[in-house]
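K.L.:
Requesting a structural model of the entry that follows:
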Amino acid sequence: MPLLAVNDLRTYFHTRNGIYRAVDGIDFSVERGETLGIVGESGCGKSVTCYSLMGLIPQPPGRIESGTALFDGVDLLHCTPKQARAIRGKRIAMIFQDPMTSLNPYLRISEQLIEPLLIHEKISRKAALARGLEMMTAVGINDAEKRIHFYPHEFSGGMRQRVMIAMALITKPELLIADEPTTALDVTVQAQILELIKKMQRELGMAVIFITHDLGVISGLCDRVQVMYAGKVVETGDTRTIFYQPKHPYTRALQRSIPSLQPKGSELYTIAGMPPDLSKPLPGCSFAPRCEFATDRCRTETPALSAQNADHPHACLRAQTGEI
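P.N.:
A predicted model of the protein is given here:
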């Protein structure tokens, strides 16, 4: 039985301009100790998926319309507030995308770092500070005894991100959700952060959901990959299969967009057009207006994830019939 099993999750935002179907009926599961990568352009529903699981969708305008998310037998979407508080921050932790807006600028790092321990483990403040120092050292922050009493603005971007990771891991969670944790960092710091997450995963044996728009990051980190577009999953499979045998044209286009794979001196490839407006009905395949392989059938018939290969389902009508 998987650690987390999500079925038919739909999260819509009801606004004056219409209903935005940010997540529109997705299924996935995560095994214990596994790393699942969720990939796609900005606005495809990656972060909203995980915010839904954590109970962080602002309601209104957001609303979880349907679905279940069973975490070790508890439905995260329909559990009581008391059950959610016992799981969130203790058994499931999250690293947010922007550490500067996720850390409270008015509180010292020490106050924010030990808060999960004081809430969930009911230990003394002295013991919590000792654990906090230990975790700050583990994530590579030098002179932790002094710096634990700094304010967030006294840290660099990379150091703030390490603090966020320390906060997420201090309770030794069973599942870590990392929402683009390296987006705002330079390449050197990015590599250090990714290595740190892998190291902590090995030591704690936790499962990881890694959200990113960078397929290059996914390749060396994840066991399985789920590709999202316009609120739906369009392809899923193990990392090797997704990289060497991609079926959906969107996955292929994302791969062609990786700068390091471009011939030297050539113009960088970009996917034509823009993602669709999710407040409008989408006839046919949502990627059809931007797809070089699209036919009239693609624009009228809505594809479902194929069941031909249970290990590598994809939602492309032409790929399912072997035309491309």
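K.L.:
quick one: buried residues of the host helix or strand of residue 111?
P.N.:
Assigned by DSSP states H and E, residue 111 belongs to helix 109-120. By neighbour count with 16 or more other C-beta atoms under 10 Å, helix 109-120 contains the buried residues 109, 110, 112, 113, 114, 115, 116, 117, 120. C-betas here are computed from N, CA, C, even on glycine.
K.L.:
One more: stretch 149-169?
P.N.:
For stretch 149-169, burial by neighbour count (16+ other C-beta under 10 Å) applies to 150, 152, 155, 158-169.
K.L.:
what is the mean pLDDT for it?
P.N.:
For stretch 149-169, mean pLDDT is 86.
K.L.:
Now for the most centrally placed residue in the chain: which residues touch it?
P.N.:
Most central in the chain under C-alpha atoms, centre = their mean is residue 211, positioned 2.6 Å from the mean C-alpha point. If a contact means C-beta atoms under 8 Å, 6 or more residues apart in numbering, then residue 211 has 37, 38, 46, 47, 50, 177, 178, 179, 180 as its contacts.
K.L.:
In strands, which of those fall?
P.N.:
Applying DSSP state E to these, the entries found in strands are 37, 38, 177, 178, 179.
K.L.:
Which of these sits closest to residue 280?
P.N.:
Looking at the ones in strands among the contacts of residue 211 and their distance to residue 280, the nearest is residue 38, at 24.0 Å (C-beta to C-beta).
K.L.:
hang on, the earlier thing: let me have the buried residues of helix 109-120 in JSON lines, extended by distance to residue 288 and pLDDT.
P.N.:
Output for those, formatted as JSON lines (distance: C-beta to C-beta, whole Å; pLDDT from 0 to 100):
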{"residue": "109", "distance to residue 288": "49", "pLDDT": "90"}
{"residue": "110", "distance to residue 288": "53", "pLDDT": "90"}
{"residue": "112", "distance to residue 288": "46", "pLDDT": "90"}
{"residue": "113", "distance to residue 288": "48", "pLDDT": "89"}
{"residue": "114", "distance to residue 288": "51", "pLDDT": "88"}
{"residue": "115", "distance to residue 288": "47", "pLDDT": "89"}
{"residue": "116", "distance to residue 288": "45", "pLDDT": "87"}
{"residue": "117", "distance to residue 288": "50", "pLDDT": "87"}
{"residue": "120", "distance to residue 288": "47", "pLDDT": "87"}
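K.L.:
Serialize these to JSON lines and add fields for distance to residue 26.
P.N.:
Below are these laid out as JSON lines (distance: C-beta to C-beta, whole Å):
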{"residue": "109", "distance to residue 26": "36"}
{"residue": "110", "distance to residue 26": "39"}
{"residue": "112", "distance to residue 26": "32"}
{"residue": "113", "distance to residue 26": "33"}
{"residue": "114", "distance to residue 26": "35"}
{"residue": "115", "distance to residue 26": "32"}
{"residue": "116", "distance to residue 26": "28"}
{"residue": "117", "distance to residue 26": "33"}
{"residue": "120", "distance to residue 26": "29"}
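K.L.:
From the contacts of residue 211, list the buried ones, please.
P.N.:
Judged by 16+ other C-beta under 10 Å, buried ones among the contacts of residue 211: 37, 38, 46, 47, 50, 177, 178, 179, 180.
K.L.:
could I get the residues you listed as JSON lines with pLDDT?
P.N.:
Putting the buried ones among the contacts of residue 211 into JSON lines (pLDDT from 0 to 100) gives the following:
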{"residue": "37", "pLDDT": "93"}
{"residue": "38", "pLDDT": "94"}
{"residue": "46", "pLDDT": "90"}
{"residue": "47", "pLDDT": "89"}
{"residue": "50", "pLDDT": "89"}
{"residue": "177", "pLDDT": "93"}
{"residue": "178", "pLDDT": "90"}
{"residue": "179", "pLDDT": "88"}
{"residue": "180", "pLDDT": "84"}
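K.L.:
any chance of those in JSON lines, plus distance to residue 247?
P.N.:
Putting the buried ones among the contacts of residue 211 into JSON lines (distance: C-beta to C-beta, whole Å) gives the following:
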{"residue": "37", "distance to residue 247": "17"}
{"residue": "38", "distance to residue 247": "18"}
{"residue": "46", "distance to residue 247": "20"}
{"residue": "47", "distance to residue 247": "25"}
{"residue": "50", "distance to residue 247": "25"}
{"residue": "177", "distance to residue 247": "27"}
{"residue": "178", "distance to residue 247": "26"}
{"residue": "179", "distance to residue 247": "27"}
{"residue": "180", "distance to residue 247": "25"}
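K.L.:
Tell me where the model's unsure across the stretch 101-250 of the chain.
P.N.:
Low-confidence segments of the stretch 101-250 of the chain, defined by pLDDT under 70: 183-184.
K.L.:
which residues in it form helices?
P.N.:
All helices of the stretch 101-250 of the chain, identified by DSSP state H, counting those that start in this stretch, fall at 109-120, 125-138, 144-147, 157-169, 187-204, 215-219, 239-244, 249-256.
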